[in-house]
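A.B. asks: Sequence first, predicted coordinates after that:
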Amino acid sequence: MVRRVIPLLISGLISTLAVSCLPSGIGGGEYRYAANEIKLSSVDQLYRFLTYTEKRYPLVSAHRGGPAPGFPENALETFVNSSRHQPIIIEFDVRMTKDSVLVLMHDETLNRTTNGTGKLAELEFSALKKLRLKDPDGKVTTYRIPTLDQALQWGAGKVIFTVDVKRGVPYSAVIDAIRRNQAQPYSVVITYNADQAAAVHQLAPDLMISASMRSPDDLVRLSDRSIPDNRLVAFVGTSEVSPAIYEFLHGHGMLCILGTTGNLDKQAAVRGDTVYTSLIARGADILSTDRPQEAGKALNAYRKAHKLTSTFIK
């Protein structure tokens, strides 16, 4: 069933300086940029923005926030840097400390992404606050591990978040944080199977969910668990699905997220960034990528060529 669809150089220099001077305690109301913001003030607006139409506004999702030299993964300063360039979805990972503080971290251990060692879950947050994050080249930065609350506060009126809840973290704790920060209008919870999606929907029927879907049967399993189409975004994996699958999911009003991390990003790096526009032209709506700036430039050209706009993009 189809859902109803409801002077440049100086400016760039100022933005660059603002990002380079970000304090580790960045808060929700600081460092707002006038351009590229996704302005969503209600859950209904999120539903509408994430509903498929032929004039849908294709977007980049920055995997782990879009790390780059000088900008670590899952860092607020990295989110700011990524959001300077384009309207963007930020994907990040959530883990829990020994004293039940939710923080942004992909790995179980601190070794790869910080100047610390050991398992994050075995340390209290007071210990994590002393650490510094490493950029993708292993260089220690001045940036610290952010809390989920800090991230959610910063994102309001700027971006959409897709929240990857790592193993051992209760969905209920993440949902409580989303509600506490009134972040429902710009938060999507990532799930990997129908049971996880059902658990999130039961806890928070109003929240948007990213669910894995590569066949009609995947949608049937979600429907059998009473999850309505208009609460779902379809993650179709890290390789393209057939045009028929895109058409099927679009027919249910769902946007499709294609993960380009890995092979597809490598293809674009070798063959040229028009690879990204080809993926959009063949049916993908959101590209989850490790090359957000390159993919973003390609999608911006695509949007201009097809005269695609959105009332929610400032």
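C.D. replies: It's in. Treat the numbers as computed from the prediction; the structure is a model and nothing was measured.
A.B. asks: Please pull out the lowest mean pLDDT helix or strand from this protein.
C.D. replies: The weakest-scoring helix or strand in the chain, judged by mean pLDDT, DSSP states H and E, is helix 8-20 (a mean of 37).
A.B. asks: Go ahead and confirm Thr97 touches Leu131.
C.D. replies: No. Using CB atoms under 8 Å, Thr97 makes no contact with Leu131, being 11.8 Å away. Heads up, the C-betas are built off the backbone N, CA and C, glycines and all.
A.B. asks: Can you tell me what sits against whatever helix or strand Gln150 lives in?
C.D. replies: Element membership for Gln150, per DSSP states H and E: helix 148-155. Outside of helix 148-155, the residues within contact range by CB atoms under 8 Å, 6 or more residues apart in numbering are 26-28, 30, 76, 79-80, 90, 92, 94, 102-104, 161, 174, 177-178, 180-181, 183, 186-187.
A.B. asks: Please check those and keep the buried ones.
C.D. replies: Neighbour counting by 16 or more other CB atoms under 10 Å classes 26, 28, 76, 79-80, 90, 92, 94, 102-104, 161, 174, 177-178, 181, 183, 186-187 among the contacts of helix 148-155 as buried.
A.B. asks: Do a quick rundown of the strands in the stretch 151-300 of the chain.
C.D. replies: Secondary structure of the stretch 151-300 of the chain (DSSP state E, counting those that start in this stretch): strands located at 160-165, 187-190, 208-212, 232-235, 256-259, 286-289.
A.B. asks: Report the mean confidence score over the first one.
C.D. replies: Pointing back at strand 160-165 there. Strand 160-165 carries an average pLDDT of 98.
A.B. asks: and what of the second one?
C.D. replies: Averaging pLDDT along strand 187-190 yields 98.
A.B. asks: packing partners for that strand?
C.D. replies: Other elements packing on strand 187-190 under the criterion 3 or more CB pairs under 8 Å, 6 or more residues apart in numbering; DSSP states H and E are strand 160-165, helix 171-180, strand 208-212.
A.B. asks: For that strand, buried residues please.
C.D. replies: Ser187, Val188, Val189, Ile190.
A.B. asks: For Arg56, give me its contacts.
C.D. replies: Arg56 neighbours (CB under 8 Å, 6+ apart): Leu255, Asp285, Leu308.
A.B. asks: Quick check on those: which are buried?
C.D. replies: For the contacts of Arg56, buried by 16+ other CB under 10 Å: Leu255, Asp285.
A.B. asks: In a markdown table, list the contacts of Arg56 along with distance to Glu37 and pLDDT.
C.D. replies: Converted to a markdown table, the contacts of Arg56 look like this (distance: CB to CB, whole Å; pLDDT from 0 to 100):
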| residue | distance to Glu37 | pLDDT |
| --- | --- | --- |
| Leu255 | 19 | 98 |
| Asp285 | 20 | 98 |
| Leu308 | 17 | 96 |
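A.B. asks: So which of the contacts of Arg56 is the closest to Ala68?
C.D. replies: Nearest to Ala68 out of these is Asp285 (CB to CB; 24.3 Å).
A.B. asks: pLDDT score for Asn36?
C.D. replies: Asn36 is assigned 86 on the pLDDT scale.
A.B. asks: Which residue comes closest to it once chain neighbours are left out?
C.D. replies: Counting by CB to CB, 6 or more residues apart in numbering, Pro87 is the residue found nearest to Asn36 once chain neighbours are left out, at 5.1 Å.
A.B. asks: I'd like the distance between the one you found and Ala269.
C.D. replies: Distance, Pro87 to Ala269, by CB to CB, to the nearest Å: 23 Å.
A.B. asks: cool, and Tyr57?
C.D. replies: Distance, Tyr57 to Ala269, by CB to CB: 25 Å.
A.B. asks: neighbour count winner among these two?
C.D. replies: For Tyr57 versus Ala269, neighbours defined as other CB atoms under 10 Å are more numerous around Tyr57 (19 against 13).
A.B. asks: Hmm, that one is touching His306, no?
C.D. replies: No. Assessed by CB under 8 Å, Tyr57 is found out of contact with His306, at 10.0 Å.
A.B. asks: angle of the helix holding Gln150 against strand 160-165?
C.D. replies: 170 degrees (axes from the mean of the first three to the mean of the last three CA atoms, to 10 degrees).
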